[in-house]
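Engineer: Structure for this input, please:
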Amino acid sequence: MPRLYVLVLSGGAGTRLWPRSRRDRPKQFLDLIADRTLLQDTVDRVREIVPVERIFVVAPPAHRPLIHEQLPELATDHVVVEPYPRGNAAAVGLAMAALAAFDPEAVVAVLPSDHVVERRAQFRKVLLAATAAAERGHLVTLGIAPTAPDTGFGYIEAGERLDIEAPVEVRLVKRFIEKPKREAAEKMVADGGHFWNAGMFVWRVEEVIKAYEQHLPATAKAIGAIREAIGSPRYESVLAEVWEETDRTTLDYGIAEKASNVAVVPADIGWHDVGSWARLAAVVSGTENWSSGDLLAEDANGNYVWAPGKLTALIGVEDLVVVDTPDALLISPKGRSEEVKTIVDRLKREDREDLL
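Structural biologist: So this is what the prediction gives:
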């Protein structure tokens with residue numbers, strides 16, 4: 001696919017997947033689904049249509065060694081390092097500066113590193129359609145076909161279909177909807193034409209830089225300064241100087257919700273966001289119990305157990321998450337697994353750095 005590049009986002013701490021996800025190895029670097037990690041799987045998925053020479057990763061400094069460990073085929077200068085977190089709008093802007101210097105005609109697919117996609121052939125078709133729309137000047141987002149009225153995601157309301165020859169339809173975006181209440185989510189799913197917002201984008205690099213100039217001018221100014229300094233001895237000092245001036249916001253709030261040329265490609269790709277233990281359990285298991293090791297279950301159902309190297313016995317329990325690591329044990333009902341973050345927050349308050 002000529003001109004298509006991929007930018008993988010490798011930020012975030014994955015605190016809701018504690019105690020496996022830690023500061024020194026957050027969830028995208030873990031083998032949560034199969035033998036390959038989430039990061040490796042993200043790159044494997046796009047390597048089928050994009051050569052490694054056109055794959056970039058943007059990440060905080062601490063992730064650089066892990067990225068090179070897990071993706072040794074990636075060129076050193078294809079890992080774009082953000083000095084410290086400012087939100088993904090700044091991180092992506094930094095990477096757009098690098099890509100613009102590398103190839104100003106690039107079309108870029110921006111993909112989080114912690115998603116699961118089961119239908120890879122359909123995913124390729126969706127990327128082809130998104131690329132076609134991006135080449136026509138649209139900022140394209142991928143809209144996930146909802147399988148339930150989930151209130152944990154934002155939604156995209158699609159408008160009219162665009163006249164673009166592509167393997168999947170492309171539609172204008174009418175509006176973005178913040179995470180809704182249950183009743184509103186049920187209505188959107190029943191009405192059709194609404195999609196989950198998964199935070200995946202495709203655009204021409206110069207087109208999105210124009211959007212930054214219009215909607216996030218402070219970040220755009222920083223992008224310009226960084227772009228001019230790339231490849232020179234001044235790069236690190238310029239980056240340090242302008243980074244604090246970038247807007248602390250997200251792509252959704254800062255760009256997508258404000259721009260007028262946003263399109264959506266409906267993506268029925270078997271997508272999963274493994275943002276919590278309950279969501280991960282839904283990917284790897286059905287109604288029966290799932291375990292990483294030996295399991296005996298009596299009158300037990302719907303449980304997720306990570307306890308490698310040992311026998312786990314379950315009696316009379318349902319819908320539990322059990323995660324056993326060498327220094328911590330988590331036990332939670334699936335329905336409250338989102339609250340794992342509160343444990344991490346408490347560990348921070350108590351200065352339990354050894355467990356973070």
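
Engineer: distance between stretch 211-224 and the chain's centre?
Structural biologist: Offset of stretch 211-224 from its chain centre (C-alpha atoms, centre = their mean, to the nearest Å): 23 Å.

Engineer: So what would you say the end-to-end distance of that stretch is?
Structural biologist: Start-to-end span of stretch 211-224 (C-alpha to C-alpha, to the nearest Å) is 13 Å.

Engineer: Show me what that stretch is in contact with.
Structural biologist: 89-90, 93-94, 96-97, 139, 209, 242-243, 245-247, 249, 254-255, 258-259 (C-beta atoms under 8 Å, 6 or more residues apart in numbering). Every C-beta, even on glycine, is put in place using the N, C-alpha and C of the backbone.

Engineer: Find the residue ranges of this structure scoring beneath the pLDDT cut-off.
Structural biologist: Residues of the chain meeting the criterion pLDDT under 70: 1-2, 286-287.

Engineer: Find the nearest non-adjacent residue to the residue nearest to the spatial centre of the chain, please.
Structural biologist: The residue lying closest to the centre of the chain (C-alpha atoms, centre = their mean) is P112, at 2.4 Å. Computed as C-beta to C-beta, 6 or more residues apart in numbering, the closest residue to P112 that is not its neighbour in sequence is L9, at 5.0 Å.

Engineer: what are the bridge partners for the one you found, then?
Structural biologist: With DSSP bridges applied, L9 shows beta-bridge pairing to V58, P112.

Engineer: give me every residue that touches it.
Structural biologist: 57-58, 88, 91-92, 110-113.

Engineer: 7 Å - rerun?
Structural biologist: 58, 88, 91, 110-113 (C-beta atoms under 7 Å, 6 or more residues apart in numbering).

Engineer: I'd like the distance from it to G87, if you could.
Structural biologist: L9 is 11 Å from G87, where distance means C-beta to C-beta, to the nearest Å.

Engineer: Name all residues that make contact with the residue nearest to A328 when sequence neighbours are not counted.
Structural biologist: Nearest residue to A328, sequence neighbours excluded (C-beta to C-beta, 6+ apart): P19, at 3.8 Å. Contacts for P19 (C-beta under 7 Å, 6+ apart) come out as 323, 325, 328, 330.

Engineer: Specify the local secondary structure of P19.
Structural biologist: coil (DSSP: H, G, I helix; E, B strand; the rest coil).

Engineer: Might one say that F176 is in contact with F195?
Structural biologist: No - in this structure F176 lies outside contact range of F195 using C-beta atoms under 7 Å: 10.4 Å.

Engineer: Okay, domains of this protein per the record?
Structural biologist: 4-273, 277-355 (automatic domain parsing).

Engineer: out of those, deepest packed?
Structural biologist: domain 4-273 (a mean of 19; mean count of other C-beta atoms under 10 Å).

Engineer: Ends of that domain, what's the gap?
Structural biologist: End-to-end distance for domain 4-273, by C-alpha to C-alpha: 24 Å.

Engineer: roughly how far is it from the heart of the chain?
Structural biologist: 7 Å.

Engineer: With distance to R234 as added columns, please give the contacts of P19 in a markdown table.
Structural biologist: Below are the contacts of P19 laid out as a markdown table (distance: C-beta to C-beta, whole Å):
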| residue | distance to R234 |
| --- | --- |
| V323 | 46 |
| T325 | 44 |
| A328 | 45 |
| L330 | 47 |
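
Engineer: State the distance from the residue nearest to the centre of the chain to V58.
Structural biologist: From P112 to V58 the distance is 11 Å (C-beta to C-beta).

Engineer: where along the stretch 251-356 of the chain do the helices fall?
Structural biologist: 251, 277-284, 340-349 (DSSP state H, counting those that start in this stretch).

Engineer: Give me the angle between the second one and helix 340-349.
Structural biologist: Okay, so that is helix 277-284. 130 degrees (axes from the mean of the first three to the mean of the last three C-alpha atoms, to 10 degrees).
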